[in-house]
Each structure stands twice: as structure tokens, then as C-alpha cells.
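**Q** I'll drop the sequence and a predicted model, then ask my questions.
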Amino acid sequence: MDFRAVILPIGRLLIIIALFMLLPAGADLIAGDGDWTVFATTALLLGVAGALISTALEGHQFQFRPRETFLFVNAAWLVFSFAGAIPFYLSDVGLTFAESFFETASGLTTTGSTVITGLDSQPPGILLWRSLLNWIGGIGIVVIGILLLPSLRIGGSQLFAIESSEKVNKPYGRVEPFVARLLMLYLTLSIACALAYYVAGMSAFDAVNFMMGTVATGGFATSDSSMAKYGTNTMLWISIVFMMMSAMPFLFFLYLAEGRPNPHKGQVFFFICLTALISFCVFLSINGRVEGDPFTLLTRATFNIVSVITTTGFAAGDYLLWGNFAIAMFFFTTFIGGCSGSTAGGFKIFRIQIVLSAVRVMLKRASHPHRVIEPRYAGRPVPPAVLEGVLVFSVLYTATFAVFAMIYMLLGLDLETALSASITAQANVGPGIGPIIGPAGTFASLPDSVTWLLGFQMILGRLELMGGLLVFTPYFWSQR
């Protein structure tokens, strides 16, 4: 293990964090809020630390093998979460460091859960920093999901490895221009979303902040009422469109723009159909029972389901008041997640497709034991290693959710809150179920011991579980 190969990019990461902190510092300075000194001082200290590390290790030749990659990705999330928590802790928001770490981890992993109340009265620097955490985390997740996780063969994601010998899965020969295209797509989507919000009636500041929470599927807002602050049907449909696009594979849009054969079409089609089906079922359950005309109810049902399935976490009203069927559907949707290679979290659509294909094959084999049938994805047989990875991930996903939920109950949470908090953190969704952490509540009342664990579970979920758990095994540190 060459630790220098991990420490050098961490030093550069500290410099990047410092540069981004200058933006909320400027926002507070313009608004005349004293917290600008907190951001500026923190940025200075982090920048100096990063420069010293980079200078000390610059020019050395390092080996960046899979183990170094795993360790760097884990270290990067933790370092950014701790460093980004400093302004929350030192500002006038009044958070403990556990809550500050929770808020930062929630932003970076694009979970969107919050411990801050009274968002409408918070200074612009704090609001902008929360949104920037979402936005930075979003592009980081896309790069990790497309470039790193497939090459590290996590949870069947090697199905989308860009270095595959298959022509359809090899969009570019070099990583640099490929990442540049991803960044350009992310920026284009961000600008379009912000402009759409602004034209539809948001203030410029809110349009930028809500945009970052939308395209990153992060869900941080500038108001306690979330998207209900601008709850017109037009605004909600704009948000629906951009949340859905951001939860689709970014490679899907690159392939589409270049006229290439698109292996992601089946995943996107399944995602759209499943989202429409669940939204319509929720609409049918509330139509005539909840106040509002049918189109408004359809809009709100669709918006809230899209917000959960894309793991964004915006809310337009308290959907827990819509009855038991709607609550059950929202809880079920929390487990699904968006598409691979997007900013969305969760179990992922492609895994659901592969699991359903495997179940269908097992049922066919039971009735026709001599037939040769194998699971298929996108019209092609699923490689055994991919199928094994998906099935193992499914078991691990369920077990991790259950173990954390039991720990939360041991720490004093009731059954509903513990189950909901565990899955919403692991799937990076945001709001949970119940009066405490539901769409009308926050995580502020939870004890620090729980907020620490939830923050780590968010990061674990973002690293597709195995990417985080691996570094705690003796196999990872073995020299053999």
C-alpha cells in the first residue's frame, strides 16, 4: 500500500474545498453577515494545509492500484465531510460537530436530510454552502459511478465499465476528454435548470440554490417548506423534468447526442415506466380524498414520487397526510433509486431489472427444467460475475439496512423512525417516514450518536456499500 498516492490527491482536494468556500464567504460579505469570516478563515487554513501536502509530495512517482483507489475514495468522502463541517460548527447556526458532520455528509452524498431549522432566516452563506455541497457531490458521484465503481467490480456495476472491449461500451479512449464531456453535460443541465426556475418565478438566488439541489438530486432547499415555497404546477413540472433527467445515466445523453448505439435505453425506459406507474397509483389513492383538482393532485403525486425515486428529497407538502396506501408507496419507493451513472442513489434500476430477470428465469426453469435459459439485460446474457455481484449486493443491501435500523433502535429511536432513517440514509433519499423525520420534520431532534452513524451510513450507501466496507476487512490490508 502506497499511502503517498492517497495523501497527494487529498491535499489537492483540500485546496478545491478551500476555493469553493470562498463563494459562501463572498455571499455573506455582500449581505453584511459576519459569518463570512468563518468561511474565509476556514478556506485559508484548508488551502494552506492542502498546499503544504501537495508541495511535499509533488514530483514523486506513485502506484495508484485498486487498493489505493478504494482507500482514496473512502478518505476523500471522509475528509471532505469533516472539512466541510467546520463552517457549520463555527457559524451562528448553533450545531454540534456531530450535526455539522451530518449536514455536510448529507449534502455531499446528495442525501438531503437536514438538522437545520429556520432555513428561511439563515444567512446566504450557509444556504449557498449547503447547495454547493449538493452540487459538488453530484458531479463527484457521476464520475465515481461511471469511471471507478465499474472498474472495481462493485455490485455488478462492471456491466457498465467504459474500458470494456465491447464497442458499444467504449465511448472514449482517454479519461480526460471523457470527464470533460461529463462536466460540460453537468454544467449545461445546471444552467438550463437554473434558467427554467428563474423564468418560472424564482428569485435568482433561489433559482441557483434549487438548481444545485435538483441536478445533483440532493434536495437541499432555501426554505423549511422546500419546493412548496414555489408550489405552482409549472414550477413542480420543471423540477420533475430535471430530477428525472439527473437520475438517468449521463452516458445515455452522451450516446444520444453522438448517435451511438445506446445500451442504456432499456434502463431509462423501465425507470420512466416504473415512476409513472407508482405516481399514477398514488394519484388514484388521493384523488377525491385530498383537497385539490385532479391535475394539481396528479402534479403533486408525481412530484413527490419523482423526488423520492430519484433520491432528491424535495417535498411539496406533507404527503404523509395522504393515507396509508400513499405512505406505503413512498416507503417502498425509497428502496428503488435512480439509474446507474447518474447523480441518484439507492439500489439502482439496473439491479432491479437483473433481479427480475433472474427470478423470471428461475420460474421458467421450474416448469421447464431441461430448457437452457439465462438472465438477460439490454438484450444480452448477463455474465455470471455480474449476476453474482448483483445478488450479493442485494443481500448486503438488505442486511446493512436492517443492522443499522436495529442499532438506531438500541440508541432510542422508535421502530418507524429507525427503519425509515436507516433506509433514507443508505439510499441517500433525504426525508423519511413519520412525524419526526418525515417531509414536514427534520433530523434535529435525534441524539448525536445517531447523527454520527447516519452520516457514516450515507457515505457507505454512496460508496455502494462494498466500496466502504472493504477497507474494514483484513483482505484489504493483506500484502498477499
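**A** Good, I have the coordinates. Residues are numbered from 1 along each chain as shown.

**Q** Which residue, other than its chain neighbours, is closest to Thr424?
**A** With sequence-adjacent residues excluded and distances taken as C-beta to C-beta, 6 or more residues apart in numbering, Thr424 is closest to Gly432, at 4.5 Å. Glycine gets a C-beta too; all of them are placed from N, C-alpha and C.

**Q** Reduced to three states, what does the one you found come out as?
**A** coil (DSSP: H, G, I helix; E, B strand; the rest coil).

**Q** Repeat that for Asn209.
**A** Taking three-state DSSP as the rule, one finds Asn209 in the helix state.

**Q** Quick check: it vs Met243, distance?
**A** Distance, Asn209 to Met243, by C-beta to C-beta, to the nearest Å: 15 Å.

**Q** go on, Ile354?
**A** From Ile354 over to Met243 the distance is 24 Å, taken as C-beta to C-beta.

**Q** isn't the residue nearest to Thr424 right next to Gly438, touching?
**A** Yes. Taking C-beta atoms under 8 Å as the definition, Gly432 is a contact partner of Gly438 at 6.1 Å.

**Q** pLDDT-wise, which helix or strand of this protein ranks last?
**A** The helix or strand of the chain with the poorest confidence is helix 474-477; it has a mean of 77 (mean pLDDT, DSSP states H and E).

**Q** what's that helix in contact with?
**A** Met1, Arg67, Phe70, Leu470 (C-beta atoms under 8 Å, 6 or more residues apart in numbering).

**Q** can I see the domain layout of this structure?
**A** Following automatic domain parsing, one finds the domains of the chain at 1-85, 125-400.

**Q** Leu119: which of these is closest?
**A** domain 125-400 (5.1 Å; C-beta to C-beta).

**Q** Name the nearest residue to Glu58, sequence neighbours excluded.
**A** Leaving aside its chain neighbours, Glu58 sits nearest to Leu8 (7.5 Å; criterion: C-beta to C-beta, 6+ apart).

**Q** List the residues that contact the one you found.
**A** Ile53, Ser54, Leu57, Glu58, His60, Phe62.

**Q** Surely it forms part of a helix?
**A** Yes. Counting by three-state DSSP, Leu8 is located in a helix.

**Q** Next one: it from Ala76, what distance?
**A** 12 Å.

**Q** Just confirm Leu454 is within a strand.
**A** No. Using three-state DSSP, the assignment for Leu454 is helix, not a strand.

**Q** And the spatially closest residue to it that is not a sequence neighbour, how close does it get to Leu44?
**A** Counting by C-beta to C-beta, 6+ apart, the nearest residue to Leu454 once its immediate chain neighbours are dropped is Ala425, at 4.7 Å. Distance of Ala425 to Leu44, given as C-beta to C-beta: 32 Å.

**Q** the more surrounded of the two?
**A** The neighbour comparison of Ala425 against Leu44 (other C-beta atoms under 10 Å) goes to Ala425, with 33 against 14.

**Q** What helix or strand is the more buried one located in?
**A** Using DSSP states H and E, Ala425 maps to helix 415-426.

**Q** Tell me the buried residues in that helix?
**A** Buried residues in helix 415-426, counted by 16 or more other C-beta atoms under 10 Å: Glu416, Thr417, Ala418, Leu419, Ser420, Ala421, Ser422, Ile423, Thr424, Ala425, Gln426.

**Q** With stretch 276-285 instead?
**A** The neighbour-count check on stretch 276-285 (16+ other C-beta under 10 Å) flags Ile278, Ser279, Val282, Phe283, Ser285 as buried.

**Q** What ranges in the chain fall below the confidence cut-off?
**A** Low-confidence segments of the chain, defined by pLDDT under 70: 64, 147-175, 479-480.

**Q** if you set the cut-off to 50 instead, what comes out?
**A** 162-173 (pLDDT under 50).

**Q** and the gap between the residue of it positioned farthest from its centre and Lys364?
**A** Within the chain, His370 marks the point farthest from the mean C-alpha position, 43.4 Å out by C-alpha atoms, centre = their mean. Applying C-beta to C-beta, the value for His370 to Lys364 is 11 Å.

**Q** ok, now Met21?
**A** Here the criterion is C-beta to C-beta. By it, Met21 lies 57 Å from Lys364.

**Q** quick one, which of the two is more surrounded?
**A** Between Met21 and Lys364, Met21 has the larger neighbour count (other C-beta under 10 Å), namely 26 against 12.

**Q** In contact with the more buried one, which residues?
**A** By C-beta under 8 Å, 6+ apart, the contact set of Met21 is Phe39, Ala40, Thr42, Ala43, Leu46, Pro87, Trp129.

**Q** quick one, what contacts the fourth one?
**A** When the contact criterion is C-beta under 8 Å, 6+ apart, the partners of Ala43 are Ile17, Ala18, Leu19, Met21, Leu22, Ala25.

**Q** Closest one to Ala402 out of the buried residues of helix 415-426, please.
**A** Closest to Ala402, out of all of the buried residues of helix 415-426 and judged by C-beta to C-beta, is Ser422, at 7.7 Å.

**Q** Can you name the helix or strand that Phe20 falls in?
**A** Using DSSP H and E, Phe20 falls in helix 4-31.

**Q** so Thr451 sits in a strand?
**A** No. According to three-state DSSP, Thr451 belongs to no strand; its state is helix.

**Q** element containing the nearest residue to it once chain neighbours are set aside, please.
**A** Nearest residue to Thr451, sequence neighbours excluded (C-beta to C-beta, 6+ apart): Phe102, at 4.2 Å. Using DSSP H and E, Phe102 sits within helix 97-108.
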